[in-house]
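Trainee: My questions concern the predicted model and sequence given below.
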Amino acid sequence: MSALVLDGLTKRYGSFVAVHGASLRIPHGRFVCLLGPSGCGKTTLLRMIAGLEEPSGGRLSIDDRDITDTPAHKREFGMVFQSLALFPHLTAGENIAYPLRIRGASSAEQRRRAGELLELVRLPGAADRPVSKLSGGQRQRVAIARALALEPKLFLLDEPLSALDAKLREAMQIELKQLQRRLGVTTIVVTHDQREAMTMADMVVVMSQGRIHQAAPPMEVYRRPADAFVADFIGLTNLLDGAVAAPGVVAVPGGTLALPDLPPQGRVLLSIRPEDVLLRPTGEAGPNRLHGTLSFVRDLGASVEFRVDVAGTEIIALARPQDRPAVEPGGAVTVELPASACVVLPPGGERPS
């Protein structure tokens, strides 16, 4: 099956390297989110894919055809910019038809296609409405429709929902995902919003400092992060420094844990999500249990957050309100770290600031 393939794409601006050797294979029809903090290189990578930035190194191909040197207007890609870049003096229909007009399509074909796309993005009958009279969500739909006018092989969006309020943003996330599924077009979205990426994407590409740290389905990124940066950037996690004390045993602050898949020796880093940490009555025996002091409790509605001081290291746990232990801050508590929930990561490495 055809795919978009990035092979060592690099972008330099003088001595600054914005993207370091990005290699990635995106199968046809996937919804991909490039996710990372501001300045991590995700927009630069998207612009290289679009043909708006010339790579300093590496190759780019689609359908087994090298397009590294192909101009942007010949790549047959659709793109929605963060600013939307709509023509304010044109109507919604005229904005959508603009790419068709440039290609020499007849007026009748332009009107027909604009009408089809307005139906597709749930704006029927809006062809003659001035863009300036549309709401933010409606303008967003018009920009998406315009990008789809030429039936692109690849649909690229640079933080398309960032200017919307929270409620409209959630609604547009669902609409965009449903639209992509109906059309089956390969879609790449740049975002810094973890929730947006985790709920929309088939594949999440986590980036930092111009490098791809991990590219995988959302739950694999969340449950099996590749390194400390991914573990700490995606959601909330506990990172524990440890040292292998014996085969299958790692020493951590406050005690030892029995874990499979440990290296034979040396230091390791453990990641465990707060919802996997279990609170137990103090004194109850069991494997992988560490004793500490409850330092903070926060009621989040659907869950309760507990912060436990274990030998100077803070461990965060989440529990259902009905499972809340009868202990107040300052009291003794035991945390259990199930072996199946602990992910062994390489020590050191970059962590989000």
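Mentor: Received it, and whenever you're ready, just let me know what you need.

Trainee: And the helices in the protein?
Mentor: Along the chain, counting by DSSP state H, helices occupy 42-50, 92-102, 107-120, 136-148, 166-183, 194-200, 218-223, 228-233.

Trainee: Reformat these into TSV and put mean pLDDT next to each item.
Mentor: Listed next are these as TSV, based on pLDDT from 0 to 100:
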stretch	mean pLDDT
helix 42-50	96
helix 92-102	92
helix 107-120	91
helix 136-148	90
helix 166-183	87
helix 194-200	92
helix 218-223	96
helix 228-233	94
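
Trainee: Tabulate those (a markdown table), appending mean neighbour count.
Mentor: C-beta: built from backbone N, CA, C; applies to glycine. What follows is those, written out as a markdown table (neighbours: other Cβ atoms under 10 Å):
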| stretch | mean neighbour count |
| --- | --- |
| helix 42-50 | 23 |
| helix 92-102 | 21 |
| helix 107-120 | 17 |
| helix 136-148 | 22 |
| helix 166-183 | 15 |
| helix 194-200 | 19 |
| helix 218-223 | 17 |
| helix 228-233 | 23 |
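
Trainee: Mind putting these into JSON lines with distance to Asp69?
Mentor: Supplementary listing: those in JSON lines, determined by distance: least, Cβ to Cβ, whole Å:
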{"stretch": "helix 42-50", "distance to Asp69": "12"}
{"stretch": "helix 92-102", "distance to Asp69": "22"}
{"stretch": "helix 107-120", "distance to Asp69": "30"}
{"stretch": "helix 136-148", "distance to Asp69": "23"}
{"stretch": "helix 166-183", "distance to Asp69": "28"}
{"stretch": "helix 194-200", "distance to Asp69": "31"}
{"stretch": "helix 218-223", "distance to Asp69": "33"}
{"stretch": "helix 228-233", "distance to Asp69": "33"}
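
Trainee: Between those helices, which one is closest to Phe81.
Mentor: Nearest to Phe81, of all the helices of the chain, is helix 136-148, at 7.8 Å by Cβ to Cβ.

Trainee: tell me which strands and helices the closest one is in contact with?
Mentor: Here helix 136-148 touches strand 77-80, helix 92-102, helix 107-120, strand 154-158, helix 166-183, going by 3 or more Cβ pairs under 8 Å, 6 or more residues apart in numbering; DSSP states H and E.

Trainee: and the gap between the residue of the chain positioned farthest from its centre and Thr334?
Mentor: In terms of distance from the mean C-alpha position of the chain, Gly283 ranks first, at 41.2 Å (Cα atoms, centre = their mean). Going from Gly283 to Thr334 by Cβ to Cβ, to the nearest Å gives 8 Å.

Trainee: again with Gln82
Mentor: For Gln82, the distance to Thr334 equals 48 Å [Cβ to Cβ].

Trainee: Give the residue from those two that has the larger number of neighbours.
Mentor: Comparing Gln82 with Thr334 by neighbour count (other Cβ atoms under 10 Å), the higher total belongs to Thr334, at 20 against 14.

Trainee: Identify the bridge partners of that one.
Mentor: Arg280, His291 (DSSP bridges).

Trainee: State the pLDDT value of it.
Mentor: Thr334 is assigned 93 on the pLDDT scale.

Trainee: ok, now which ones touch it?
Mentor: Counting by Cβ atoms under 8 Å, 6 or more residues apart in numbering, Thr334 makes contact with Leu279, Arg280, Pro281, Thr282, Gly283, Glu284, Arg289, Leu290, His291, Gly292.

Trainee: if I pick the residue nearest to the first one when sequence neighbours are not counted, what's in contact with it?
Mentor: To tie it back to what came earlier, the one meant is Leu279. Once flanking residues are discounted, Leu279 sits nearest to Pro325: 5.2 Å by Cβ to Cβ, 6 or more residues apart in numbering. Residues in contact with Pro325 (Cβ under 8 Å, 6+ apart) are Leu279, Pro281, Ala319, Val333.

Trainee: next one: Glu220
Mentor: Per Cβ under 8 Å, 6+ apart, neighbours of Glu220: none.

Trainee: circling back: Gly8: which of the contacts of Thr334 is nearest?
Mentor: Leu290 (43.9 Å).

Trainee: distance of the closest one from Leu150?
Mentor: 59 Å.

Trainee: Check Ala92 too.
Mentor: To Leu150, Ala92 is 17 Å away according to Cβ to Cβ.

Trainee: Next: Ala317.
Mentor: From Ala317 to Leu150 the distance is 52 Å (Cβ to Cβ).

Trainee: cool, and Gly137?
Mentor: Taking Cβ to Cβ, one finds Gly137 at 23 Å from Leu150.

Trainee: Then Leu269?
Mentor: Taking Cβ to Cβ, one finds Leu269 at 48 Å from Leu150.

Trainee: higher neighbour count, these two?
Mentor: Using other Cβ under 10 Å, the more surrounded residue of Leu269 and Leu150 is Leu269, with 19 against 16.

Trainee: Please look at that one and Ala243 and confirm they touch.
Mentor: No: applying Cβ atoms under 8 Å as the test, Leu269 and Ala243 come out as separate, 10.6 Å apart.
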